[in-house]
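# need coordinates for the below:
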Amino acid sequence: MSAQNLNRLPSTYTVVMGMGQTGIACTRFLLQQHVSVCVMDNRDNPPQLQKLQQLDPNISYLTGHFDAEILARAKEIVISPGLSLQEPALQTAIQANVPIISEIELFARYADAPVVAITGSNGKSTVTTLLGEMAKQAGWDARIGGNLGISALDLITHHRPDVYILELSSFQLETTYSLKPKAAVVLNVSEDHMDRYDSFAHYTATKQRIYQSCEHVVVNADDPLVVAMLQPAQSYLSFSLHCGRGTFSICPHKDESYFARNHETQFPTPLLPVKAAKLQGRIMQANMLAALALGEAIDLPMTAMLDAIQTFKGLPHRCQWVAQHQGVDWFNDSKGTNVGATVAAIQGLERPGQMILIAGGEGKGADFEPLAMMAGEHLKACVLIGRDAEVIQEAFEEYSSVPVRVADSMETAISEAGQLAQSGDAVLLSPACASFDMFKGYEHRGQVFINAVQQWGTSI
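The predicted structure is shown next:
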């Protein structure tokens, strides 16, 4: 535990709770606004303490615990998203009617351009990134961040952008009150963070806060819980995987599937063949439809949006399209470090019987039976690497008839997979394991895969 200058606090001050990335961004911004700040963290050695001291060597701070008395006397408290409002030290402040706000609430007070706000249990990082690519394709100055990457406050500079595009978590929305998005979406709702919320209804209601004061509401017409968030007579745009159900949907045209814009009094307008997108699968298609609806809401040109869909490779190391060689698509899902993530990646790509999986590493004692059980329906073959390759191989031999090969390196695994694959197939790196037996981390593993795929492609 350590403290500095707590006895020098002025009569009016703001407390920032948390010394992580968000806390540092909030502190930096408040200091720029000449606000007196006290920063607290209940960890003895917060990760950003040194950076905090670099911001202002004389700043007041406290580590090791939260001081209820200091909190209760504050003008305002800016809380980091990882901290719950149920934190005991906050109760005194709440009883004293001290306002408790999020970084996003602070951002909303100073944002000087239209805001697109994106939340959901799944897919929000993908939609946020894709919409950003659409805006950049149109030549817009788009600032992208929030729960994804850069803190929202760090997006505010002296130069006004065309749009802010923010991924927002339920934690951030809990204490956000005055955000007025130009467009907002709840992509979907499923049980998550139940250790934080009293009930699933509480979690859902927190997600719904994103629609407060929103100019253009975008909803997932395929998710009844999201549709139920609409207020009576509220106008909205929607998206759906079923033709005609949403403003944007997937519709048949010329014997194939198209992204389409639907109309009340005429047939849907086909926009782009689904197969033109590098990333396939129903989940990804729903994300692309959501981005189209949000883009229309902020008047992005359709041509730019469709161009971005065709070039979008996905998030780094998350089912990221890497290359196509001789008709075979290669995908990097190195962030798939557990069995559940790998199963989801395989199902999401929707290439039944046309997929070669590269997996393996440090299994962390995981049960690989669920992966092996679903392999017969989805996989053409599996190539294993790493420390627990034999453990995974045993599971496959017991629960599936999918051919398995073991390789001693990533380069060898790629060569093996390339020999097994035919045009129309996909090779997916989704290890279902940690990486530290062979690599520095999942990012390093993914980059080695990307480099080796590119090298292999030049050799065939």
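# ok, and the closest non-adjacent residue to the residue sitting nearest the centre point of the chain?
By CA atoms, centre = their mean, the chain has its centre lying nearest to Ser125, at 2.6 Å. If the residues on either side of it in the chain are set aside, Ser125 comes closest to Leu148, at 5.0 Å by CB to CB, 6 or more residues apart in numbering. Glycine gets a C-beta too; all of them are placed from N, C-alpha and C.
# again with Ala366
Per CB to CB, 6+ apart, closest to Ala366 is Val339, 5.4 Å.
# dump the residue contacts of the one you found.
366-368, 370-371, 432 (CB atoms under 8 Å, 6 or more residues apart in numbering).
# now do it against Ser435, distance only.
Taking CB to CB, to the nearest Å as the measure, Val339 falls 15 Å from Ser435.
# kindly report the same for Glu350.
In terms of CB to CB, Glu350 sits 26 Å off from Ser435.
# next: Ile309.
Using CB to CB, we find Ile309 at a distance of 31 Å from Ser435.
# more crowded one of these two?
Ile309 (27 against 22; other CB atoms under 10 Å).
# buried stuff in the helix or strand containing that one?
Following DSSP states H and E, one finds Ile309 within helix 302-311. Using 16 or more other CB atoms under 10 Å as the test for burial, helix 302-311 gives 302, 304-309.
# repeat that for stretch 327-342.
Neighbour-count burial for stretch 327-342 [16+ other CB under 10 Å]: 328-339, 341-342.
# try stretch 365-377
Neighbour-count burial for stretch 365-377 flags 366, 368, 370-372, 374-375 (criterion: 16+ other CB under 10 Å).
# can you lay out those as JSON lines showing distance to Pro270, pLDDT and secondary structure?
Output for the buried residues of stretch 365-377, formatted as JSON lines (distance: CB to CB, whole Å; pLDDT from 0 to 100; DSSP: H, G, I helix; E, B strand; the rest coil):
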{"residue": "Ala366", "distance to Pro270": "44", "pLDDT": "92", "secondary structure": "coil"}
{"residue": "Phe368", "distance to Pro270": "43", "pLDDT": "96", "secondary structure": "coil"}
{"residue": "Pro370", "distance to Pro270": "39", "pLDDT": "95", "secondary structure": "helix"}
{"residue": "Leu371", "distance to Pro270": "38", "pLDDT": "97", "secondary structure": "helix"}
{"residue": "Ala372", "distance to Pro270": "41", "pLDDT": "97", "secondary structure": "helix"}
{"residue": "Met374", "distance to Pro270": "34", "pLDDT": "95", "secondary structure": "helix"}
{"residue": "Ala375", "distance to Pro270": "36", "pLDDT": "95", "secondary structure": "helix"}
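# which of those residues sits closest to Leu30?
Nearest to Leu30 out of the buried residues of stretch 365-377 is Ala366 (CB to CB; 43.8 Å).
# tell me the contacts of that closest one?
Contacts of Ala366 (CB under 8 Å, 6+ apart): 338-339, 432-433.
# from Asp192, how far off is Gln208?
Going from Gln208 to Asp192 by CB to CB gives 15 Å.
# have a look at those two and say which one is more surrounded.
Each of Gln208 and Asp192 has its neighbours counted (other CB under 10 Å); Gln208 has more, 20 against 16.
# in which helix or strand does that one reside?
Going by DSSP H and E, Gln208 is in helix 200-208.
# and the closest residue to Tyr258 other than its chain neighbours, helix, strand or coil?
Distance criterion CB to CB, 6+ apart; nearest residue to Tyr258, sequence neighbours excluded, is Pro270 at 4.0 Å. Under DSSP: H, G, I helix; E, B strand; the rest coil, Pro270 falls in the strand class.
# likewise Val383?
Per three-state DSSP, the local secondary structure of Val383 is strand.
# all helices for the stretch 101-250 of the chain, in order.
103-110, 124-137, 170-173, 200-208, 224-227 (DSSP state H, counting those that start in this stretch).
# can you add mean pLDDT and give these back as TSV?
As requested, the helices of the stretch 101-250 of the chain are exported to TSV (pLDDT from 0 to 100):
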stretch	mean pLDDT
helix 103-110	97
helix 124-137	97
helix 170-173	94
helix 200-208	93
helix 224-227	96
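# same list, the ones you listed, but as JSON lines with distance to Asp56 please.
Formatted as JSON lines, the helices of the stretch 101-250 of the chain follow (distance: least, CB to CB, whole Å):
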{"stretch": "helix 103-110", "distance to Asp56": "18"}
{"stretch": "helix 124-137", "distance to Asp56": "32"}
{"stretch": "helix 170-173", "distance to Asp56": "25"}
{"stretch": "helix 200-208", "distance to Asp56": "33"}
{"stretch": "helix 224-227", "distance to Asp56": "43"}
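# quick one, which of those helices gets closest to Ala395.
helix 124-137 (30.0 Å).
# hmm, who's touching the closest one?
Contacts for helix 124-137 (CB under 8 Å, 6+ apart): 116, 118, 120, 142, 144, 146-148, 162-163, 165-168, 185, 187, 284, 287-288, 290-291, 294-295, 300, 304-305, 307-309, 311-312, 314-315, 318.
# show me which of those residues are buried.
116, 118, 120, 142, 144, 146-148, 163, 165-168, 185, 187, 284, 287-288, 290-291, 294-295, 300, 304-305, 307-309, 312, 314-315, 318.
# would you list the phi and psi of the residue nearest to Ala366?
Taking degrees, to the nearest 10, you get phi -60, psi -40 for the backbone angles of Val339.
# what's the per-residue pLDDT of Gly20 here?
Listed pLDDT for Gly20 reads 93.
# the one 10 residues further on now?
According to the prediction, Leu30 has pLDDT 98.
# and what of Thr265?
The predicted local confidence for Thr265 is 74.
# what's the distance between the longest helix along the chain and the middle of its chain?
The residue-count maximum for a helix in the chain (DSSP state H) belongs to helix 442-459. Remark: helix 442-459 is offset 24 Å from the chain centroid, using CA atoms, centre = their mean, to the nearest Å.
# could you list the residues in contact with that helix?
The contact list for helix 442-459, computed with CB under 8 Å, 6+ apart, reads 316-317, 320, 322-323, 325, 330, 332, 334-335, 337, 358, 361, 410-411, 414-415, 418, 429, 431, 434-435, 438-439.
# give the buried residues for it.
442, 445-450, 452-453, 456-457.
# need these in CSV (columns: distance to Pro224).
Shown next, in CSV, are the buried residues of helix 442-459 (distance: CB to CB, whole Å):
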residue, distance to Pro224
Tyr442, 35
Arg445, 39
Gly446, 36
Gln447, 41
Val448, 43
Phe449, 39
Ile450, 40
Ala452, 45
Val453, 41
Trp456, 46
Gly457, 45
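# hmm, which of the residues you listed is lowest in pLDDT?
In terms of pLDDT, the lowest of the buried residues of helix 442-459 is Gly457, showing 91.
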